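Student: sequence-free structure coming up:
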């Protein structure tokens, strides 16, 4: 993957994907400019912390650089990029939870006022459920696109999304139209994701993506090691009991 062309800013979506897939850094930087903010908002809904969301988005771009080499359809580029960052954000959220750093209640000052009531609800949801909500209501993926992104059946994704939507909506009067509930949840999540996303140096992001530079890999490894160690420690009493029974 080599080369770049300054006229990428004027290219169509199809041409941008074609150029970026061929290694055009300027085209890829244009894609970063077009999609970085939405990806960060998706990640924010999942992590609940702007710094964590930025880390997840940074981690997704090298994956996008590699994936575009397989010539993803341009009309699916946005959903695909948001699916990539959602996966990274779930991992970041799990790491943050494991080492006790910020989570969904971490940065209320960065939130639109209408979203503050969601802090406790989002904190109780599994990161995977937050990912479904973010992809559905922030990125606008359809149920079919969600099913493809999660590699699950449409019915299983729909059922899980319905439970997560009900958790965000809270108790509703009997007979409430599900469409009304979904629109209200979408409105609340859009307000919740109304953070001030900092502009990025798209050219620098593109260069890092080309080299495969990842974010804070040592931190992820250390957290993984601590999780394994914690599981072993937690299992010691059970192992000792089995040993004494012998």
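Tutor: Right, received. Where do you want to start? Just so you know, these numbers come straight off a predicted model, no measurement behind them.
Student: the most centrally placed residue in the chain: helix or strand, and which one exactly?
Tutor: Closest to where the C-alpha atoms of the chain average out (C-alpha atoms, centre = their mean) is residue 86, at 2.2 Å. Per DSSP states H and E: residue 86 is located in helix 77-99.
Student: again with residue 197
Tutor: Secondary structure assignment for residue 197, by DSSP H and E: no helix or strand.
Student: returning to that earlier point: now the element after the helix holding residue 86, going C-ward?
Tutor: Later in the chain than helix 77-99, the nearest helix or strand by DSSP H and E is helix 119-124.
Student: so which elements touch that next one?
Tutor: In this structure, helix 119-124 makes packing contacts with helix 154-169, judged by 3 or more C-beta pairs under 8 Å, 6 or more residues apart in numbering; DSSP states H and E. Just so you know, the C-beta spots here come from the backbone N, C-alpha and C atoms, and that holds for glycine as well.
Student: from the chain's centroid, how far away is the helix it packs on?
Tutor: Offset of helix 154-169 from its chain centre (C-alpha atoms, centre = their mean, to the nearest Å): 17 Å.
Student: what do you get for stretch 134-144?
Tutor: Its chain's average C-alpha position is 12 Å from that of stretch 134-144, according to C-alpha atoms, centre = their mean.
Student: now swap in stretch 182-198 and tell me
Tutor: How far stretch 182-198 lies from its chain's middle: 14 Å, per C-alpha atoms, centre = their mean.
Student: pLDDT on that stretch, on average?
Tutor: What stretch 182-198 shows for mean pLDDT is 92.
Student: got the buried residues for it?
Tutor: Residues of stretch 182-198 classed as buried: 182, 184-186, 188-195, 197 (neighbour count, 16 or more other C-beta atoms under 10 Å).
Student: of all pairs in these, which one spans the longest distance?
Tutor: Within the buried residues of stretch 182-198, 182 and 197 form the most distant pair, 25.0 Å apart (C-beta to C-beta).
Student: wait, which of the buried residues of stretch 182-198 is closest to residue 60?
Tutor: Using C-beta to C-beta, residue 197 comes nearest to residue 60 of the buried residues of stretch 182-198, at 14.3 Å.
Student: tally of neighbours for the closest residue to the residue nearest to the centre of the chain other than its chain neighbours?
Tutor: Distance criterion C-beta to C-beta, 6 or more residues apart in numbering; nearest residue to residue 86, sequence neighbours excluded, is residue 131 at 4.4 Å. Residue 131: 27 surrounding residues under other C-beta atoms under 10 Å.
Student: show me what the helix or strand containing residue 131 is packed up against.
Tutor: Per DSSP H and E, residue 131 falls inside helix 127-137. Secondary-structure packing of helix 127-137 (3+ C-beta pairs under 8 Å, 6+ apart): helix 25-47, helix 77-99, helix 143-150, helix 154-169, helix 178-192.
Student: run the chain-centre distance for it.
Tutor: Its chain's average C-alpha position is 8 Å from that of helix 127-137, according to C-alpha atoms, centre = their mean.
Student: list the contacts of it.
Tutor: Here helix 127-137 makes contact (C-beta atoms under 8 Å, 6 or more residues apart in numbering) with 41-43, 45-47, 79, 82-83, 86-87, 89-90, 93-94, 97, 104, 122, 125, 141, 145-146, 149-150, 157, 160-161, 163-165, 167-168, 185-186, 189-190, 193.
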